[in-house]
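Participant: The amino acid sequence is not available; the structure is as follows:
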């Protein structure tokens, strides 16, 4: 599916917002937002791409010379300009803000910037060199636009969801055979890569860059056990899960820029009654969310439904801060399923549902699914084994190391 | 090797700089810098960690509640404080800047911030809530500190270098057997993961997070062929290299936060004379850099040495913008091997040497090595096959797909 028409639609919607707010020009630098309006992901962000959208001019994608061929061939913006010297390309200027000034000129204008993302240095350079009448934040308007996914985006997330289902399934298979966390994750990642080759060879699996690097491969699996679960995110260790453990493999993937995740807590052998109560509570908390997950419900109601289950089971003191979040180009996108969020669900939203508990003394419990809100309810995009998952002790490889 | 003493040394050196410049407190948010002064990498950065270093107070690592256990157990800073509600932890405040105000109070002080990284919104909130006398940039001072690596850092980069050597070696092996770019990279990554398990099981292989996500696995291999090389960085494709092609597998890895890279241009069969001239030029350009690579030489001299070789061979119009860059916690760290950079090499610097050419009409040539500057010269940390690399056509698998 070609995304060009959706890119055009997004730019059109942004221009409507700009008209309403009297904003003449929006300058975007956040890699996920530049991608959203151009389909161009430089992968590395140490030479950032800039998207310039004016009410009365053609949208412009401004990239470093070294990214020019890539931007022209994979971006969906006709008007590509360059800054910085590399090879035969003739840049507008060496530095990006000078190039923006060459493009826009100094004139009275109201500018929209991502004030929660763009550095203070960049914003003050824009102020000095473009001399706008006024600078306003455009981040929350873009966040609001991005929460409803179009069919192209849903297609991408669906593919990513198929990959993470595979990643978690294979990782659990290897944990069952007594492999260490890290070894099992390696097998899960390898299986995701092979599925990419076989099922989705046309998709890109890159992520988005930091200010000094990039993410070339986004197909990741990791796994935490027991007290380590309380880290939330970390590198898997060379630990072989033991009877009585909770172990939590997690797979994340992006295809063509769009994220999905599947996270599953696995019971090894038999749990003590405290952990079993937490695990059962987690499954009930999920049920209580899925029971009401449809358009019209508020994000807070989803949180409260899960919190109520945990409270009744005695976990009031360790309630999670949120029980899920939007996903899209980012793993953690706006908005959160949390107390105080009165936004209502709408068809086309995609989010994780992951009411969990974490405590360093005993571990934690969490299943995370990637879920699409439909006209009259929801659709799980991740489907692998949504209930209790148990590794019987007899399955663990006899010769495991420790 | 425990890095605690090096973290203490770094904080001591920063405090000396602060004293000289009359800066009372530095507040850091860039994940790579927070890690440099704390050894804490949250992996995900959607709830950012903040490092606060004052001349007259104990250094403080401020993290979101969800990262508290991780920060306490893996960071090397005793004084860990929290913001944001999650579980049983009692935060100083919900938002990070409010927590900073609680810690520091409103009082006359000169503040150092990463003005090239911290968002305009964050900086203006700091201004409003902390009411400093003055805010100055601290980024270039930290960049300068970071260019000389200590023995702990060199040890980490050495491990990463061993991994990327393996990644490129195995990828080339599979390309030889006729596998596609993407398939060969999958095998390269898989080999790096297994080498991690076997040789460096105690190391973490995570990267650093973006504002809405993170990099859980940093062991990446990718490969570009022919015109695609002009993208610089992109997802490998399901393309099977053909006789006459240039194909360029690249491996990047981080262990315990420190990056190394190995990139190798491979000749498939026989090249036409234009490409062969470029390839030979690349090897000569490398030689001309390695010949002078020792303390005292300027970064510009390295650039000019390579540029001269390319100019003599007729490539004046497509000279690269730089022929290498510093590496450390980032893939692309300060400084660049470029025209105009009069900084002189010193022992302990680590950089890539990668004089290359790229052009979409015929492809590109580049070997990249990770190199340590020693007392009297340099040491290649990446060692796999630094000369011409050729896949004979007879090696290509007969049954390859296209």
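Facilitator: Everything's here; your move. What you see is a predicted model, and the numbers here were worked out from it, not measured in a lab.
Participant: Just confirm residue A:275 contacts residue A:362, I think it does.
Facilitator: Yes - if you go by C-beta atoms under 8 Å, residue A:275 and residue A:362 touch, sitting 5.9 Å apart. (C-beta placed from N, C-alpha, C; glycine too.)
Participant: Between those two, tell me which one has more neighbours.
Facilitator: Shown here are residue A:275 and residue A:362; by other C-beta atoms under 10 Å in any protein chain shown, residue A:275 has more neighbours (21 against 18).
Participant: what residue lies at the spatial centre of chain A?
Facilitator: Among the residues of chain A, the one closest to the centroid is residue A:331, at 1.6 Å (C-alpha atoms, centre = their mean).
Participant: Would you confirm that that one contacts residue B:214?
Facilitator: Yes - Residue A:331 is within contact range of residue B:214, at 7.1 Å (criterion: C-beta under 8 Å).
Participant: Spit out the residues that contact residue A:275 and residue A:362 alike.
Facilitator: residue A:246 (C-beta atoms under 8 Å, 6 or more residues apart in numbering or on different chains).
Participant: Quick check: phi and psi at residue A:163.
Facilitator: The phi and psi values for residue A:163, taken as degrees, to the nearest 10, are phi -70, psi -40.
Participant: Tell me how far it lies from residue A:199.
Facilitator: When distance is defined by C-beta to C-beta, to the nearest Å, residue A:163 is 8 Å away from residue A:199.
Participant: follow-up on the earlier one: what do residue A:331 and residue B:214 both touch?
Facilitator: B:44, B:46.
Participant: partner strands of the least confident helix or strand in chain A by mean pLDDT, parallel or antiparallel?
Facilitator: Of all helical and strand segments in chain A, the minimum by mean pLDDT, DSSP states H and E falls on strand A:333-336, at a mean of 94. If you go by DSSP bridges, strand A:333-336 pairs up with strand A:325-326 (antiparallel).
Participant: Show me where the stretch 51-200 of chain A has its helices.
Facilitator: A:68-74, A:96-104, A:120-130, A:139-146, A:151-176, A:181-199 (DSSP state H, counting those that start in this stretch).
Participant: now the ones you listed as a markdown table including mean neighbour count and mean pLDDT?
Facilitator: Compiled in a markdown table, the helices of the stretch 51-200 of chain A are given as follows (neighbours: other C-beta atoms under 10 Å in any protein chain shown; pLDDT from 0 to 100):
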| stretch | mean neighbour count | mean pLDDT |
| --- | --- | --- |
| helix A:68-74 | 20 | 97 |
| helix A:96-104 | 20 | 96 |
| helix A:120-130 | 19 | 97 |
| helix A:139-146 | 17 | 97 |
| helix A:151-176 | 23 | 98 |
| helix A:181-199 | 22 | 98 |
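Participant: Turn those into TSV, including distance to chain B.
Facilitator: Output for those, formatted as TSV (distance: least, C-beta to the nearest C-beta, whole Å):
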stretch	distance to chain B
helix A:68-74	4
helix A:96-104	12
helix A:120-130	4
helix A:139-146	8
helix A:151-176	11
helix A:181-199	4
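Participant: would TSV of these with distance to residue A:298 be doable?
Facilitator: Output for the helices of the stretch 51-200 of chain A, formatted as TSV (distance: least, C-beta to C-beta, whole Å):
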stretch	distance to residue A:298
helix A:68-74	39
helix A:96-104	40
helix A:120-130	34
helix A:139-146	15
helix A:151-176	22
helix A:181-199	35
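Participant: closest to residue B:24 out of these?
Facilitator: When the helices of the stretch 51-200 of chain A are compared by C-beta to C-beta, helix A:120-130 sits nearest residue B:24, at 18.9 Å.
Participant: how much does that closest one deviate in direction from helix B:139-146?
Facilitator: Here helix A:120-130 runs at an angle of 140 degrees relative to helix B:139-146 (axes from the mean of the first three to the mean of the last three C-alpha atoms, to 10 degrees).
Participant: what sits up against helix A:120-130?
Facilitator: Residues from elsewhere that reach helix A:120-130 (C-beta under 8 Å, 6+ apart): A:27, A:29, A:97-98, A:100-101, A:104, A:106, A:109, A:111, A:113, A:115, A:132, A:135, B:113, B:115-116, B:118-120, B:122-124, B:137.
Participant: Now do it: distance to the chain's middle.
Facilitator: 29 Å (C-alpha atoms, centre = their mean, to the nearest Å).
Participant: what does stretch A:325-336 give?
Facilitator: 5 Å.
Participant: Give me the residues contacting it.
Facilitator: Under C-beta under 8 Å, 6+ apart, the answer for stretch A:325-336 is A:32, A:35-36, A:143-144, A:146-147, A:149, A:153, A:157, A:208, A:252, A:254, A:257-261, A:299, A:322, A:324, A:337, A:341, A:343, A:349-352, A:370, B:44, B:46, B:210, B:212-214.
Participant: end to end, how far does that stretch reach?
Facilitator: Start-to-end span of stretch A:325-336 (C-alpha to C-alpha, to the nearest Å) is 4 Å.
Participant: need the next SSE after the longest strand belonging to chain A, C-terminal direction.
Facilitator: When chain A is parsed with DSSP state E, its longest strand is strand A:246-255. Next helix or strand after strand A:246-255 toward the C-terminus (DSSP states H and E): strand A:258-263.
Participant: Tell me which other helices or strands the helix or strand following that following strand touches.
Facilitator: Next helix or strand after strand A:258-263 toward the C-terminus (DSSP H and E): strand A:266-268. Using 3 or more C-beta pairs under 8 Å, 6 or more residues apart in numbering or on different chains; DSSP states H and E as the contact test, the elements touching strand A:266-268 are strand A:246-255, strand A:389-391.
Participant: and among those strands, the most buried is which?
Facilitator: Of all the helices and strands packed on strand A:266-268, strand A:246-255 has the most neighbours on average by mean count of other C-beta atoms under 10 Å in any protein chain shown, namely a mean of 28.
Participant: And for residue A:314, the neighbour number?
Facilitator: 12.
Participant: Please read the previous query as pertaining to residue A:88.
Facilitator: Applying the criterion other C-beta under 10 Å, we find 13 residues in the vicinity of residue A:88.
Participant: do you know how far the residue of the stretch 301-402 of chain A found nearest chain B is from residue A:85?
Facilitator: Taking C-beta to the nearest C-beta, chain B has its nearest neighbour within the stretch 301-402 of chain A at residue A:330, 3.4 Å off. Between residue A:330 and residue A:85 the computed distance is 32 Å (C-beta to C-beta).
Participant: Between the two, which has more neighbouring residues?
Facilitator: More crowded of residue A:330 and residue A:85, by other C-beta under 10 Å: residue A:330, with 25 against 19.
Participant: So that one: helix, strand or coil?
Facilitator: Of the three states, residue A:330 takes coil under DSSP: H, G, I helix; E, B strand; the rest coil.
Participant: Tell me who's in contact with the closest residue to it other than its chain neighbours.
Facilitator: What sits nearest to residue A:330 in space, not counting adjacent residues and going by C-beta to C-beta, 6 or more residues apart in numbering or on different chains, is residue B:212, at 3.4 Å. With contacts defined as C-beta under 8 Å, 6+ apart, residue B:212 is in contact with A:32, A:330-333, B:45-46.
Participant: ok, now with 6 Å
Facilitator: Residue B:212 makes contacts with A:330, A:332, B:46, as judged by C-beta atoms under 6 Å, 6 or more residues apart in numbering or on different chains.
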